[in-house]
Each structure stands twice: as C-alpha cells, then as structure tokens.
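Asks: coords below, sequence missing:
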C-alpha cells in the first residue's frame, strides 16, 4: 500500500505593500480557512517562500524594489509548481500578456470583490481547506 499523500498546504503568501489591501484581504483568506503570511515586498516574500509551503501566492504587480512579475520569476525558479495570482490596479491590457507569459495562473483587478477572489482561487485549483 503506498504511503498517504501529504496534506495540501493551507498557507497563502500575500505580497502587497498597500496596507489597505493587506488588512482587508488577510481576514477574508483566514475566514476561508487559510493561514496567511502577509509581507510588504518582494525581498520579504523571497525570505518567507519555500517550495511546497503555500497553497498559492497572491502578488501585487507594483511593489517597491521589484515588481510582481520579477518576484514571480524568482518564485518559479525555486518551485516550478507554485500557483500564483497576480493583482493590479493598472489597466489589464498593460499586464495581461506579461503576467501569463511569466507563469501566473490567475489575475485579479484591484479592487476585487470576494467573488472574484474565490473564482480565481478555484480556477488555479487551490480550493480552501475543509473546515473542521
């Protein structure tokens, strides 16, 4: 009999330097059952990130020091299976092609309603953990 599969990660890495986004998004994700590590920039995200640790990462496009696409490249270099949702308040046409060419599997326009966040989480296959 094969060994049981390890449980799916239930942590989310939220990377956004806008405190309003962090303070509003973290409780939403926690209410869905995720544990959230919220960091303000790309360097902090790289320090926290470890392969297999996160169900997904939610990354702002505009960050101080490096943008979200640059961060995504670094994360994918460490874990090719990482699921990433990139978000931005910039016009979608500006970032669409770049985002998906660099490995993001989801995209959110800021500000997003909860339904859009849930739809993206389901789309990337990172369903919320079962409540118990």
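Replies: Great, that's in hand. Since the structure is predicted, the reported quantities are computational estimates derived from the model, not experimental observations.

Asks: which element follows the helix or strand bottoming out on mean pLDDT in the chain toward the C-terminus?
Replies: Ranked by mean pLDDT, DSSP states H and E, the weakest helix or strand in the chain is helix 92-101, scoring a mean of 60. Heading C-terminal from helix 92-101, the first helix or strand you meet, by DSSP states H and E, is strand 106-109.

Asks: buried residues, that following strand. List them.
Replies: 106, 107, 108 (16 or more other CB atoms under 10 Å). To be clear about C-beta, it is placed using only N, CA and C from the backbone, and glycine gets the same treatment.

Asks: which of these sits closest to residue 28?
Replies: residue 108 (12.2 Å; CB to CB).

Asks: could you look up the SS state of the nearest residue to that closest one once chain neighbours are set aside?
Replies: Closest residue to residue 108 apart from its sequence neighbours, by CB to CB, 6 or more residues apart in numbering: residue 87 at 4.0 Å. With DSSP: H, G, I helix; E, B strand; the rest coil as the basis, the three-state label of residue 87 is strand.

Asks: run through the residues that contact residue 87.
Replies: By CB atoms under 8 Å, 6 or more residues apart in numbering, the contact set of residue 87 is 16, 58, 59, 60, 61, 68, 107, 108, 109, 110, 112.

Asks: what's the answer for residue 68, then?
Replies: Residue 68 neighbours (CB under 8 Å, 6+ apart): 15, 42, 59, 60, 61, 62, 86, 87, 88.
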